[in-house]
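Novice: kindly return the folded structure for what I paste below:
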Amino acid sequence: GVLEDCLIHECLDIILHPLKQAVREGVMSSDPLGHSCYYFMPLASYIVDTSEAMMLATVRGKTSPVTMAMFKQFG
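Specialist: Residues are numbered from 1 along each chain as shown. Have a look, this model is predicted:
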């Protein structure tokens, strides 16, 4: 239900907080030569099946989790 979906979103927010912080502020690390550099990680991916994608997008039924189009708008 809706509460379970909200719980998943909260858990993802908690788990991904360090990654979000690294995107905003960068991460200081050293390269193989020992030079210090700031690294930014602005891109991440998450592979899901259709039912999980619909849950993460908080849509139900015949609504597309990618475009938010309703089934009446499909060709």
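Novice: and the pLDDT at the most far-flung residue of the chain relative to its centre?
Specialist: Here the chain reaches farthest from its C-alpha mean at L33, the gap being 32.9 Å by Cα atoms, centre = their mean. If you check L33, the pLDDT there is 90.
Novice: now the residue nearest the centre of the chain: how far from K62?
Specialist: Nearest to the mean C-alpha position of the chain, by Cα atoms, centre = their mean, lies Y46 at 6.3 Å. Using Cβ to Cβ, to the nearest Å, Y46 is found at 23 Å from K62. Just so you know, the C-beta spots here come from the backbone N, C-alpha and C atoms, and that holds for glycine as well.
Novice: report the longest helix in this structure, please.
Specialist: If you go by DSSP state H, the chain has its longest helix at helix 2-15.
Novice: mind listing residues that contact that helix?
Specialist: Residues outside helix 2-15 that contact it (Cβ atoms under 8 Å, 6 or more residues apart in numbering) are M55, L56, T58.
Novice: which parts of the strand or helix carrying K20 are buried?
Specialist: Per DSSP states H and E: K20 is located in helix 17-25. Under the neighbour-count criterion of 16 or more other Cβ atoms under 10 Å, helix 17-25 has nothing buried.
Novice: I'd like the average pLDDT over the helix or strand just after that helix.
Specialist: Reading on from helix 17-25 to the C-terminus, the next helix or strand found by DSSP H and E is strand 27-30. For strand 27-30, mean pLDDT is 87.
Novice: strand 27-30 pairs with which strands, parallel or anti?
Specialist: Take DSSP bridges as the rule and strand 27-30 pairs in its sheet with strand 36-39 (antiparallel).
Novice: by how many degrees do the longest helix of the chain and helix 17-25 diverge?
Specialist: Computed by axes from the mean of the first three to the mean of the last three Cα atoms, to 10 degrees, the angle separating helix 2-15 from helix 17-25 equals 60 degrees.
Novice: distance between helix 2-15 and the chain's centre?
Specialist: 12 Å (Cα atoms, centre = their mean, to the nearest Å).
Novice: same check, this time on stretch 59-73
Specialist: The answer for stretch 59-73 is 19 Å, by Cα atoms, centre = their mean.
Novice: now that stretch: buried residues?
Specialist: V59, T63, S64, P65.
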